[in-house]
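Visitor: give me coordinates for this.
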Amino acid sequence: MIDTTSNELPGEDDGEGGRAGRGEGGGDRTRRLRLHVEEGGIGVLTLCRPDKLNAWSWESSRQLGLLADRIRFDDTIRVVLLRAEGRAFCAGIDIKAPGGGITGRSGSERTRNYYEGIRWVHERFRTFAGLPQPVVAAVQGYCLGVGFELALMADVRIAADDAVFALPETRLGVAVDAGGDLRIAREAGAGWAKFLALTGRRIDAETAHRLNLVQQVTGTGELDGAAHSVAAEIAANAPLAVQSVKRDIDAFADAAMGAALDRVAMSAALTLTSEDIKEGYTATAERREPRFDGK
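Guide: Next up is the predicted model:
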């Protein structure tokens with residue numbers, strides 16, 4: 001189950017790095033994100049589970065929300081650089097994470113519980129996406145599912161030429177659950193959002209750039225420097241003006257986002273409790289094509 005009560009980050013009492021075991025209910029207490037504030041006003045937020053390709057979980061969302069709250073009120077941070085350790089930005093959901101499944105005494109209750117759980121995740125993502133400070137994302141390798149959705153929450157995206165983007169959820173029997181398809185519709189148009197989300201097809205960095213989903217493509221070895229340079233350029237500008245520009249553009253671009261995300265939460269809940277998702281994950285594990293029945 002989701003830990004909605006703890007305001008602690010793993011490793012803070014026993015040194016940064018990370019592993020503090022499991023909390024009550026079997027929740028994973030591995031450090032999944034790390035924040036470091038550099039001189040010059042850059043807050044570097046790093047996905048730090050490279051051995052798991054930075055796969056996402058309920059606990060990742062909890063930690064993101066806590067760190068976003070800290071960033072929001074830290075006037076030493078003028079811009080956030082979102083990056084990831086290892087060869088992947090984020091390869092999607094960590095299906096092996098403890099506490100990953102949500103239960104209920106009936107199918108209806110389980111669907112309701114998933115709905116509230118997805119809404120809880122959206123609230124954490126909304127805090128991150130709505131930070132007053134601009135966010136620059138540096139993306140390398142796999143950027144799949146929720147990883148793609150997280151990158152799309154950034155204000156500016158810089159991609160290495162080895163980056164691979166996809167929303168593979170429908171191939172697994174579940175709806176896109178964090179608004180990534182909505183943000184693609186905002187950036188590239190509804191047709192491309194439907195094409196990518198309905199097929200689950202992967203695209204490379206150059207295609208993402210052509211679709212306005214990333215603003216710059218660099219060589220793999222140049223990614224950190226290029227993203228850091230953009231972040232530093234933003235940080236050098238007047239912070240009140242920078243934050244006002246972000247807020248005004250978001251007010252226009254995201255005007256319908258709130259209501260749409262509530263529908264997304266219900267669609268996700270319905271599909272997360274379906275028979276199709278069981279078939280999707282089983283077929284993936286067995287390396288065969290899924291046979292979906294729409295139930």
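Visitor: in the stretch 101-250 of the chain, which spans are helices?
Guide: Using DSSP state H, counting those that start in this stretch, the helices of the stretch 101-250 of the chain run over residues 107-129, 146-152, 169-172, 180-188, 190-199, 205-210, 223-235, 239-253.
Visitor: hey, what's the angle from the longest one to helix 239-253? Just curious.
Guide: Helix 107-129 and helix 239-253 are oriented at 140 degrees to each other (axes from the mean of the first three to the mean of the last three CA atoms, to 10 degrees).
Visitor: packing partners of helix 107-129?
Guide: Packing partners of helix 107-129 (3 or more CB pairs under 8 Å, 6 or more residues apart in numbering; DSSP states H and E): helix 58-72, helix 257-272. C-beta: built from backbone N, CA, C; applies to glycine.
Visitor: of all those helices, which lies closest to residue 42?
Guide: helix 58-72 (11.2 Å; CB to CB).
Visitor: buried stuff in that closest one?
Guide: Applying a neighbour-count criterion of 16 or more other CB atoms under 10 Å, one finds 58, 59, 60, 61, 62, 63, 64, 65, 66, 67, 68, 71 buried in helix 58-72.
Visitor: least reliable of the helices and strands packed on helix 107-129 going by mean pLDDT?
Guide: Of all the helices and strands packed on helix 107-129, helix 257-272 carries the lowest average pLDDT, namely a mean of 93.
Visitor: for that helix, packing partners?
Guide: helix 107-129, helix 180-188.
Visitor: before we move on, the earlier item: which stretch among the helices and strands packed on helix 107-129 comes nearest residue 146?
Guide: helix 58-72 (8.5 Å).
Visitor: on the C-terminal side of that closest one, identify the next helix or strand.
Guide: Using DSSP states H and E, the helix or strand that follows helix 58-72 towards the C-terminus is strand 79-84.
Visitor: hmm, who's touching that next one?
Guide: Applying CB atoms under 8 Å, 6 or more residues apart in numbering, the set of residues contacting strand 79-84 from outside is 41-48, 50, 54, 71, 90, 131, 133-140, 150-151, 154, 224, 227-228, 231-232, 234-235, 242.
Visitor: so among these, which ones count as buried?
Guide: Buried among those (16+ other CB under 10 Å): 41-48, 54, 71, 90, 131, 133-140, 150-151, 154, 224, 227-228, 231-232, 234-235, 242.
Visitor: residues contacting the closest residue to residue 232 other than its chain neighbours?
Guide: Leaving aside its chain neighbours, residue 232 sits nearest to residue 40 (6.0 Å; criterion: CB to CB, 6 or more residues apart in numbering). Contacts for residue 40 (CB under 8 Å, 6+ apart) come out as 232, 235, 236.
Visitor: over to residue 119?
Guide: Per CB under 8 Å, 6+ apart, neighbours of residue 119: 262, 265.
Visitor: could you redo the last one with a cut-off of 6 Å?
Guide: With contact set as CB atoms under 6 Å, 6 or more residues apart in numbering, residue 119 has these partners: residue 265.
Visitor: in TSV: the helices and strands packed on helix 107-129, plus distance to residue 79.
Guide: Converted to TSV, the helices and strands packed on helix 107-129 look like this (distance: least, CB to CB, whole Å):
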stretch	distance to residue 79
helix 58-72	10
helix 257-272	22
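Visitor: and these: which comes nearest residue 94?
Guide: Per CB to CB, nearest to residue 94 of these: helix 58-72, 7.7 Å.
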